[in-house]
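Visitor: One predicted model, sequence on top.
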Amino acid sequence: MPAAAVAGAAVIGGIYSARKSANAAQDASNAQVAASDRGIAEQQRQFDAVRELLQPYVNTGTTALGQQGDLTGLNGTGAQQAAIAALQNSPQFAALQQQGTNAILQNASATGGLRGGNTQAALAQFSPALLSQLITDQYSRLGGLSAMGQNAAAGVGNAGMQTGSGISNLLQQQGAAQAGGALAQGRAQAGYVNAFGNAIGAYGALGGFGGGGGSSSPSNAELAAKYGF
């Protein structure tokens with residue numbers, strides 16, 4: 001077989017092998033990157049779903065916490081007065097006041113002390129005591145709601161941290177896949193040079209350069225510089 005044919009076959013075979021290897025590596029890198037993209041999108045979707053589910057509880061807890069601040073005067077005396085007045089004017093206070101007043105009067109009537117000083121004192125003390133109890137009860141109920149909101153907010157925060165960690169891992173996988181693809185491309189380029197150099201060496205060994213010896217064959221580095229690999 002002529003030396004040129006042998007060299008040509010070596011070049012074609014080497015380049016074909018290197019190109020197939022590079023394409024396979026790039027396809028694998030692209031598949032890994034695409035899988036990471038899908039994983040990132042799914043984690044973000046799941047986090048958005050969790051946040052949407054918990055948002056009503058967060059909102060309720062935030063509102064309750066603000067109302068606790070109103071009752072304690074944390075948000076100013078005006079807000080405190082308005083919160084207490086709202087309780088005092090509420091249907092619940094009116095109903096409880098009516099029931100308590102009736103009970104005091106009925107008890108006084110049964111014992112013959114309807115016009116006595118004790119009855120009047122009990123009536124005078126009843127409304128403030130009732131309002132104070134309602135304020136305490138309301139604060140306690142609001143505390144339950146604000147705690148629920150706090151737990152919901154913590155749940156969103158934990159979900160966010162887990163999502164961030166998962167996405168970070170997937171991004172690292174993407175980087176590794178892309179780096180692997182780039183390295184494979186580099187090895188493929190080196191394969192082109194080696195294939196060409198091996199072919200030239202074979203050509204020279206078969207006497208293609210006229211001397212029959214390999215000493216006149218250019219090196220791979222020289223070939224790379226000459227042909228721009």
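Guide: Done, it's in. What you see is a predicted model; the values in this text were computed from it and never measured.

Visitor: who touches residue 67 in this structure?
Guide: Listed by C-beta atoms under 8 Å, 6 or more residues apart in numbering, the contact partners of residue 67 are 83, 142. Where you see a C-beta, it was placed from the backbone N, CA and C, and this is true even at glycine.

Visitor: Report the next helix or strand after the strand or helix carrying it in sequence order.
Guide: Here residue 67 sits within helix 3-72, counting by DSSP states H and E. Going down the chain from helix 3-72, the next helix or strand is helix 77-88, by DSSP H and E.

Visitor: quick one: contacts of the helix or strand just after that next one?
Guide: Sequence order places helix 91-111 as the next helix or strand after helix 77-88, per DSSP H and E. Applying C-beta under 8 Å, 6+ apart, the contact partners of helix 91-111 are 87, 114, 116, 118-119, 122-123, 126-127, 130-131, 134.

Visitor: possible to save these as TSV with pLDDT?
Guide: Conversion of the contacts of helix 91-111 to TSV gives the following (pLDDT from 0 to 100):
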residue	pLDDT
87	94
114	57
116	61
118	77
119	79
122	84
123	83
126	89
127	90
130	94
131	94
134	94
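
Visitor: what about burial for those, which qualify?
Guide: For those, a burial check counting by 16 or more other C-beta atoms under 10 Å picks out 87, 119, 122, 126, 130-131, 134.

Visitor: For those residues, work out which two are farthest apart.
Guide: 87 and 119 (25.7 Å; C-beta to C-beta).

Visitor: Can you list the low-confidence ranges for this protein?
Guide: Of all residues in the chain, those with pLDDT under 70 make up the ranges 1-26, 28, 111-117, 178-229.

Visitor: try 90 this time
Guide: 1-54, 101-124, 126, 153-229 (pLDDT under 90).

Visitor: that older thread, quick one: which of the contacts of helix 91-111 sit in helices?
Guide: Taking DSSP state H, the ones among the contacts of helix 91-111 that sit in helices are 87, 118-119, 122-123, 126-127, 130-131, 134.

Visitor: tell me the two of those residues that are most distant?
Guide: Largest separation among the ones in helices among the contacts of helix 91-111 by C-beta to C-beta: 87 and 118, giving 27.6 Å.

Visitor: Does residue 139 touch residue 65 like I think?
Guide: No. Residue 139 is beyond contact range of residue 65, at 11.3 Å (criterion: C-beta atoms under 8 Å).

Visitor: Please tell me how far the residue lying closest to residue 123 once chain neighbours are set aside sits from residue 44.
Guide: Spatial nearest neighbour of residue 123, chain neighbours left out: residue 104 (5.9 Å); criterion: C-beta to C-beta, 6 or more residues apart in numbering. Distance of residue 104 to residue 44, given as C-beta to C-beta, to the nearest Å: 63 Å.
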